[in-house]
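Enquirer: here is my input, please return the structure:
(one chain, ligands or ions: 1)
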Amino acid sequence: MLFGRSLIQRRLVSHITSPIFYPNAKPHLGHLYSSLICDVFHRWKLLQGEESLFTTGTDEHGLKIQLASEKNGFQNPKHFADKLYSDFIILDKSFNINFTRFIRTTDADHIKNVEKLWKLCHERGFIYQGEHKGWYSVSDETFYPESKIIEDPVNARKYLNTETNNEVIYHSENNYFFKLSHFNDILIDYIQSNPKFIYPEVRRVQVLNELRNNRLQDLSISRPSFRLKWGIDVPGDPSQKMYVWFDALCNYLTSIGGIDAVVNNEPYNKLLHTIKEIQSPRDWWNNTTHVIGKDIIRFHTIYWPSFLMAAGLPLPKQVVVHSHWICNGTKMSKSLGNVVDPLLMKKYYGSDPMRWFLLENTQLEEDGDFQEDKLFLLTEMFASKWGNLVSRCCSPKFNLQRAVQFFSNKKNALLVNSETLQNEADNLVKKLGDLPSLVDKKMNDFQTASALRHVWSTINDANAFMQNAEPWTKEPIEQDAIIFLCMETSRILSILCQPIIPDLAAKLLDRIDVGKEKRTADFLRIRADTTYGVGSNMKGRKVPIKRVTRRI
Ligand SMILES: Nc1ncnc2c1ncn2[C@@H]1O[C@H](COP(=O)(O)OP(=O)(O)OP(=O)(O)O)[C@@H](O)[C@H]1O
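Expert: Prediction:
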């Protein structure tokens, strides 16, 4: 031991969560987007050799599901959820969303865990009974304060809340309350002293302003069972069902073993396919990042930390809030029906171009506008820039195997016979050297669009170098130097981009015969792989990226 620090390094772990979605209708582009952000982060961590978990799922209780199931002729809402939750799995599988657990709030371990959370909050004095009157939104399953209610401008008999614009009705009932008001200043302190807890900054400021300007009131966290039939019973009082958000938010703990596992920090081994055992659940929880849409910020940055503190539990690391995909100026939403069907888009353009497109055309702070034309143009760019670069270097005119064997040896300098070209080559080598750590920083900060700009810029440089250097006019040694550098560019970028475009990256690496075991972060340095390219210039091999035809 060195002054108390163990010589054995602790393995880095990270747990990322998507929201769990309401299976009250088919999923759309927005759901895919949230899951994709998580998937890419999870794959990125795995690429770096870290341990990572990614959990997602469906939020299956509550009035919204009860009503949707009745509307669709189901007696039992569970049967309705059974039918619809699989649409979310199909969407995930179609887009290579590589989750470690898909949790359903109807799972037995989850129900047990939610009961535990309730009991802890109750025993510690944060839950009490009372009468609840106020403005209630069926659609949002939440009460809103008077200050957030306006008359509907198009229907004078209706009222709306200003947060989601959904209809509210005045309603009175007996139920259980959570002492949310107790946490107002505690949350302000916590968010101030943990500046990355809510990310990006604009959302942190939004929540702090909300807490300062509209002090928290206690929260009704149960509904009478005669009205809400589909939910978890309040422990010891079956006349009441739990408020769906109290139930749903707890999924994040269930998915890594539950409250007991986190409190006792005992190895947990029941649920995951990718790793056999969670050695230290509390480490995972301390490194948990929730990715959410801005519509559910209140629930995740105010309610959830308050529930956890009330139960005496630690908080997760971070809540990352993204903006919305919009259509005709409003949020794409199941209820409004103004949605883009990702499966239809996949049919025309493929999964990976969609993945890239969604990440390239948004940033956390701003809403994204889906334009199919841009998606088509992206497929063109893949084929004409990246695919073409690989196809050219794999032409039977050249010999990549020979080039790799010679230039992967550091002693053999990459020389070209012109000062301008040599400058281009040196710049490209420098760029490739800087890229992995640059992209790592962007990925950890959820700035994928910015990372992708660097990727395009590097591909463009390699294409320009190839064009200017004209290897087909050169002697073999110089020819080899040129195609080696171009293919090192493609090799390194393909390894880097595996988390974003897993299938396309694999095709690009397959085309230059990079061994499967040589696609990790250890091979991101130039000259790190000394054996690829064998047989890559044989006649008749397929182009790695095919063009698609324009749909609109
Ligand atoms: N338009 C969107 N853009 C980005 N993410 C979205 C969008 N719509 C939904 N999501 C993701 O799904 C989460 C909410 O899921 P939910 O099932 O409530 O979707 P919804 O389509 O808004 O449903 P509903 O219309 O029934 O409220 C959001 O927090 C976000 O993570």
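
Enquirer: isn't there a helix covering F484?
Expert: Yes. F484 forms part of a helix when assessed by DSSP: H, G, I helix; E, B strand; the rest coil.

Enquirer: contacts only, for Y33.
Expert: Applying Cβ atoms under 8 Å, 6 or more residues apart in numbering to Y33 gives the contacts H322, W325, L358, T362, G368. (Each C-beta comes from the backbone N, C-alpha and C, glycine too.)

Enquirer: my read: the second one touches S34, true?
Expert: Translated: W325. No. At 10.1 Å, W325 and S34 do not qualify as touching, with contact defined as Cβ atoms under 8 Å.

Enquirer: which one's more surrounded, the two?
Expert: Remark: of W325 and S34, W325 carries more neighbours, 24 against 20, as counted by other Cβ atoms under 10 Å.

Enquirer: in strands, which of the contacts of Y33 fall?
Expert: H322, W325, G368 (DSSP state E).

Enquirer: who touches the last one in this structure?
Expert: Translated: G368. Y33, S323, H324, W325, I326, L358, N361, T362.

Enquirer: what about the last one, distance to the ligand?
Expert: Separation of T362 from the ligand (Cβ to the nearest ligand atom, to the nearest Å): 9 Å.

Enquirer: can the helix or strand hosting W135 be said to contact the ligand?
Expert: Element membership for W135 (DSSP states H and E) is strand 127-137. No. Strand 127-137 does not reach the ligand (Cβ under 6 Å from any ligand atom); its nearest approach is 10.7 Å.

Enquirer: what lines up beside the helix or strand following that strand in the sheet?
Expert: As assigned by DSSP H and E, the chain's next helix or strand after strand 127-137 is strand 142-144. Strand 142-144 sits in its sheet next to strand 127-137 (antiparallel), going by DSSP bridges.

Enquirer: looking at the stretch 201-350 of the chain, which residue is nearest the ligand?
Expert: Proximity of the stretch 201-350 of the chain to the ligand (Cβ to the nearest ligand atom) peaks at G293, 2.7 Å away.

Enquirer: contacting residues around that residue?
Expert: P19, G30, S34, V321, H322, S323, H324.

Enquirer: restrict the residues you listed to contacts with the ligand.
Expert: Applying Cβ under 6 Å from any ligand atom to the contacts of G293, those adjacent to the ligand are P19, G30, S34, H324.

Enquirer: the last one touches L336, doesn't it?
Expert: No. Using Cβ under 8 Å, H324 and L336 do not qualify as a contacting pair, with a distance of 11.8 Å.

Enquirer: more crowded one of these two?
Expert: H324 (18 against 11).

Enquirer: nearest residue to the more buried one in space, please, no chain neighbours.
Expert: The shortest distance from H324 to any non-neighbouring residue, by Cβ to Cβ, 6 or more residues apart in numbering, is to K331 (4.5 Å).

Enquirer: which bits of this structure sit near the ligand?
Expert: Close to the ligand, as judged by Cβ under 6 Å from any ligand atom, the chain has residues 19, 21-22, 24, 30-31, 33-34, 292-293, 295-296, 324-325, 331-335.

Enquirer: per-residue pLDDT, S490?
Expert: Confidence at S490, expressed as pLDDT, is 98.

Enquirer: right, and it touches V390 too?
Expert: Yes. Between S490 and V390 there is a contact at 5.4 Å, judged by Cβ under 8 Å.

Enquirer: which neighbours do the two share?
Expert: Common neighbours of S490 and V390 (Cβ under 8 Å, 6+ apart) are L508, I512.

Enquirer: please, where are all the helices along the stretch 401-550 of the chain?
Expert: Using DSSP state H, counting those that start in this stretch, the helices of the stretch 401-550 of the chain run over 419-444, 448-469, 476-497, 502-511.

Enquirer: let me have these in TSV, extended by mean neighbour count.
Expert: Listed next are those as TSV, based on neighbours: other Cβ atoms under 10 Å:
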stretch	mean neighbour count
helix 419-444	16
helix 448-469	18
helix 476-497	24
helix 502-511	20
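
Enquirer: okay if I get those helices as CSV plus distance to S351?
Expert: Formatted as CSV, the helices of the stretch 401-550 of the chain follow (distance: least, Cβ to Cβ, whole Å):
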stretch, distance to S351
helix 419-444, 20
helix 448-469, 16
helix 476-497, 14
helix 502-511, 7
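
Enquirer: and those helices: which comes nearest R157?
Expert: helix 448-469 (44.5 Å; Cβ to Cβ).

Enquirer: other residues contacting that closest one?
Expert: Contacts for helix 448-469 (Cβ under 8 Å, 6+ apart): 37, 40, 356, 359-363, 381, 385-386, 388-389, 392-393, 416, 420-421, 424-425, 427-428, 431-432, 435, 438-439, 442-443, 482, 485-486, 489-490, 493, 496-497, 500.

Enquirer: the residue of the stretch 201-350 of the chain closest to the ligand pairs with what?
Expert: H322.

Enquirer: i'd like the first residue to be 54 from this point on
Expert: Happy to do that; since the first residue is 54 now, the last one works out to G346.

Enquirer: okay, it and P72: tell me how far apart.
Expert: 7 Å (Cβ to Cβ, to the nearest Å).
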